[in-house]
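Colleague: this is the structure alone, sequence omitted:
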C-alpha cells in the first residue's frame with residue numbers, strides 16, 4: 001500500500017518509495033502549480049495513465065544528464081552544422097506538449113500525457129516555469145521537447161520527433177542553452193538506452209536530491225526563454 005494524498009497533505013518521505021515498481025511514492029493530490037512545484041523541488045514527479053489516480057514517483061537510482069556532457073555523434077554534428085532546421089525556445093509550448101502526447105512510441109499502447117496533464121503544464125508555462133524547444137523545417141514543427149526549470153535545475157518531461165534526429169537536435173540545443181545559463185543538471189527520470197547513448201547516467205537518489213537542493217536554490221533565469229544563441233552556427 002502507498003499513502004493517499006489529501007488536498008493539503010505533504011508528500012511522504014522519499015524513503016517510503018517502493019522498490020518495485022521503482023520509485024512509486026504515493027497517489028492522489030492534484031496538478032495545481034503549487035503541488036507540482038513542490039513535487040519537483042523534492043525530487044518527485046507525476047506519471048500515470050488516463051483513468052488512474054495521480055501517481056507520484058521518485059526512483060532510485062535517478063537518470064540525469066549534465067548539459068556539458070551531452071554526446072554529439074558525428075552524424076548529428078553534421079546535421080547541426082548544416083543548420084537546415086530553425087530552432088526556437090518557448091515559441092509554441094502548447095504545440096510541443098500536444099505533439100508529445102500524440103506521437104506514438106515503440107512498445108507503448110498510448111500516452112500518459114492526458115489533457116489534464118497538458119493543461120497543468122501549459123499553466124506552468126504561463127507562470128514561467130515550464131519551457132519548450134521547437135525544431136522547425138520551414139513552417140512545420142518536426143521535433144521538440146518540454147520540461148521545467150527551477151533555479152538552475154531542469155526537469156526533462158518528454159520529447160517527440162517527426163523527422164530523423166529532430167528530438168536529438170532539440171536536446172542538443174537545450175543542453176547548449178542550459179550550459180550557457182549555468183544550469184547544472186537535467187533530470188531524465190528513468191533510465192533508457194537512448195538517453196544513455198546521449199550521455200545521461202544514473203546516480204543514487206540521495207546524490208540527486210543533494211544536487212537538486214543546491215541547484216533549485218540558485219537564482220532563476222526567470223520568465224520565458226528567448227532564442228538568443230539557439231540557432232547560432234554549430235561548431
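Modeller: Perfect, I can see it now. For clarity, every value in this text was computed on a predicted model and none was experimentally measured.
Colleague: now do the same contact list for residue 171.
Modeller: 70, 133, 145, 159, 198 (Cβ atoms under 8 Å, 6 or more residues apart in numbering). In short, each C-beta sits where N, CA and C put it, glycine included.
Colleague: what's the closest non-adjacent residue to the first one?
Modeller: Once its chain neighbours are removed from consideration, residue 70 has its nearest residue in residue 175; the separation is 4.0 Å (Cβ to Cβ, 6 or more residues apart in numbering).
Colleague: circling back: so which of the contacts of residue 171 wins on neighbours?
Modeller: residue 133 (28 neighbours; other Cβ atoms under 10 Å).
Colleague: domain-wise, how is this structure divided?
Modeller: 4-59, 63-216 (automatic domain parsing).
Colleague: so how far is the host helix or strand of residue 172 off the chain centroid?
Modeller: Taking DSSP states H and E as the criterion, residue 172 maps to helix 166-180. Remark: helix 166-180 is offset 12 Å from the chain centroid, using Cα atoms, centre = their mean, to the nearest Å.
Colleague: mean confidence for that helix?
Modeller: For helix 166-180, mean pLDDT rounds to 96.
Colleague: so what strands line up beside the helix or strand following that helix?
Modeller: Per DSSP H and E, the first helix or strand lying C-terminal to helix 166-180 is strand 185-189. Sheet neighbours of strand 185-189, with direction, are listed as strand 62-65 (antiparallel), strand 153-161 (parallel) (DSSP bridges).
Colleague: model confidence over strand 185-189, on average?
Modeller: 97.
Colleague: just the buried positions in that strand, please.
Modeller: By 16 or more other Cβ atoms under 10 Å, the buried positions in strand 185-189 come out as 185, 186, 187, 188, 189.
Colleague: just to revisit the earlier point, now the helix holding residue 172: buried residues?
Modeller: Within helix 166-180, the residues scored as buried using 16+ other Cβ under 10 Å are 166-178.
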